[in-house]
Structure formats: structure tokens, C-alpha cells
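**Q** this is a predicted model, with the sequence first.
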Amino acid sequence: MGMIAVLHTWGQNMSLHLHLHCMVPGGGLSKSGQWKTAKNKGKYLFNVKSMSQVFRAKYIAELRKSDLKIPQKIYNDLFRKKWVVYAKEPFRSPKYVIEY
């Protein structure tokens, strides 16, 4: 299972505000193809501070693998910035995802 991400570049007041909206499944498929819900009792699977650091590292690692010519200074700047993962409760149904 993967996640869906949408890049937003502007805030409501049209200021530069780079961020991603991501939908991450709360479970996955078993070897037999059956959906298994995560055993998290309605809580998040991971601490958001830890997720922020891991997401930043994985995202930048993928950038490094790309064919983009990104100067090392940009990578250094990206690692110096604090990345924030904000997690909220899951949507009740697909209808609510569309409304959001």
C-alpha cells in the first residue's frame, strides 16, 4: 500500500507556503489479499516528531536518486529546516475525503 500526496504551494492568503497533503492507509493487504486494519486502537502509528525526521530523510533521499541537478547547498538547507508532520484522525468515509 502506498500513499497519495498533493503538493500545495500557496496559502489561503496567496503567500508562498509549500506543503504536502498526504493520505496514508491505516492498514494493508495480507499475503492472501485481505485488508488488515492497523492495530493502533484509533491512535497514530508513529510519533509525529519522529515521522517528521524520517519523512524529511526519505524525501531527500528520493530527490538525490532523481535526475534533477540539485546543488549540495539546497540539500544542506533542506536538512537544516524543521519539517513538520501534522496528523489528524482518519476520515470516516471516502465522501469526507472529497469534501476536504
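**A** That came through fine. Residues are numbered from 1 along each chain as shown.

**Q** can you list contacts of the helix or strand hosting Lys58?
**A** Element membership for Lys58, per DSSP states H and E: helix 48-65. Residues from elsewhere that reach helix 48-65, judged by CB atoms under 8 Å, 6 or more residues apart in numbering: Phe46, Ile70, Tyr75, Leu78, Phe79, Lys82, Trp83, Val84, Val85, Tyr86, Ala87. C-beta coordinates here come from the backbone N, C-alpha and C atoms, glycine included.

**Q** any quick ChimeraX command for the buried ones out of the residues you listed?
**A** What follows is the ChimeraX syntax for the buried subset of the contacts of helix 48-65, where burial is set by 16 or more other CB atoms under 10 Å:
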select :83,85
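
**Q** in strands, which of the contacts of helix 48-65 fall?
**A** Among these, none falls in strands (DSSP state E).

**Q** so which of the contacts of helix 48-65 are in helices?
**A** Among the contacts of helix 48-65, the members found in helices (DSSP state H) are Tyr75, Leu78, Phe79.

**Q** what about Met23, how many residues nearby?
**A** Residues lying near Met23 (other CB atoms under 10 Å) number 13.

**Q** next, count neighbours for the nearest residue to it once chain neighbours are set aside.
**A** Nearest non-adjacent residue to Met23, counting by CB to CB, 6 or more residues apart in numbering: Ile4, 4.7 Å away. If you count neighbours by other CB under 10 Å, Ile4 ends up with 11.

**Q** what pLDDT does Ile4 get?
**A** Ile4 is assigned 76 on the pLDDT scale.

**Q** thought it was touching Pro25?
**A** No: using CB atoms under 8 Å, Ile4 is not in contact with Pro25; the gap is 9.4 Å.
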